[in-house]
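Undergrad: this one's structure only:
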């Protein structure tokens, strides 16, 4: 049994949906299904009744949910206790667009790591709407995004920089006439 399995189990029980739990946790639905299946196999019991898209918790699932909540509360308490100590380690969860996941975010990470080598960074690449939803739920710390005005009193814009854009076409393309290229 792993903590992530209990987290997945608790979320499925809360939302009564594998797909909604997957979305909330940032996993694929198949990953959630596998985690629940592993718990069911380990404890040799069915935790949910599944009828198409409808999911309901079984009596054994309700019993396990009480234990899972207790365990996860203890894990949270332990994280809080150790989080109060000055460990000089920091976690940072950055959300960005799929198209920016490679080079622009790598440049930013290099700068961050040079100045703060003790940071542990998680990067989530997704659509702007999904990243904003994650920010609203405090699941990510920073969004690196293009072409979206972020006017919300809950958030502070920390960098607003124009990025150069280059369009490339074949030398003999009629599009070459549009931009008056080099």
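TA: Cool, the structure landed. Note that the structure is a prediction, hence the values are computed from the model and not measured. Residues are numbered from 1 along each chain as shown.
Undergrad: Residue 36 and residue 8 touch, don't they?
TA: Yes: between residue 36 and residue 8 there is a contact at 6.4 Å, judged by CB atoms under 8 Å. C-beta: built from backbone N, CA, C; applies to glycine.
Undergrad: Between the two, which has more neighbouring residues?
TA: residue 8 (26 against 23; other CB atoms under 10 Å).
Undergrad: Skipping adjacent residues, who's closest to that one in space?
TA: residue 35 (4.3 Å; CB to CB, 6 or more residues apart in numbering).
Undergrad: From the structure, what's the count of residues near that neighbour?
TA: Around residue 35 there are 23 residues (other CB under 10 Å).
Undergrad: Can you tell me, leaving aside adjacent residues, what's nearest to residue 72?
TA: residue 6 (5.8 Å).
Undergrad: So the one you found belongs to a helix, correct?
TA: Yes: with DSSP: H, G, I helix; E, B strand; the rest coil as the criterion, residue 6 is located in a helix.
Undergrad: Who are the contact partners of it?
TA: The contact partners of residue 6, by CB atoms under 8 Å, 6 or more residues apart in numbering, come to 39, 68, 71, 72.
Undergrad: ok, 6 Å please
TA: 68, 71, 72 (CB atoms under 6 Å, 6 or more residues apart in numbering).
Undergrad: Looking at those residues, which are in helices?
TA: Counting by DSSP state H, these place 68, 71, 72 in helices.
Undergrad: From those, list just the buried residues.
TA: residue 68 (16 or more other CB atoms under 10 Å).
Undergrad: Turn the ones in helices among the contacts of residue 6 into a markdown table, including distance to residue 26.
TA: A markdown table is the format used below for the ones in helices among the contacts of residue 6 (distance: CB to CB, whole Å):
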| residue | distance to residue 26 |
| --- | --- |
| 68 | 19 |
| 71 | 21 |
| 72 | 17 |
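Undergrad: got any ranges where this protein has weak pLDDT?
TA: Along the chain, segments meeting pLDDT under 70 span 83-90, 99-114, 116-119, 146-169, 173-182.
Undergrad: Do a quick rundown of the helices in it.
TA: 3-15, 18-25, 29-43, 59-83, 103-115, 128-136, 176-179.
Undergrad: Identify the residues contacting the second one?
TA: Counting contacts by CB under 6 Å, 6+ apart, the residues outside helix 18-25 that touch it are 11, 12, 15, 28, 29, 32, 33.
Undergrad: Lovely, talk soon.
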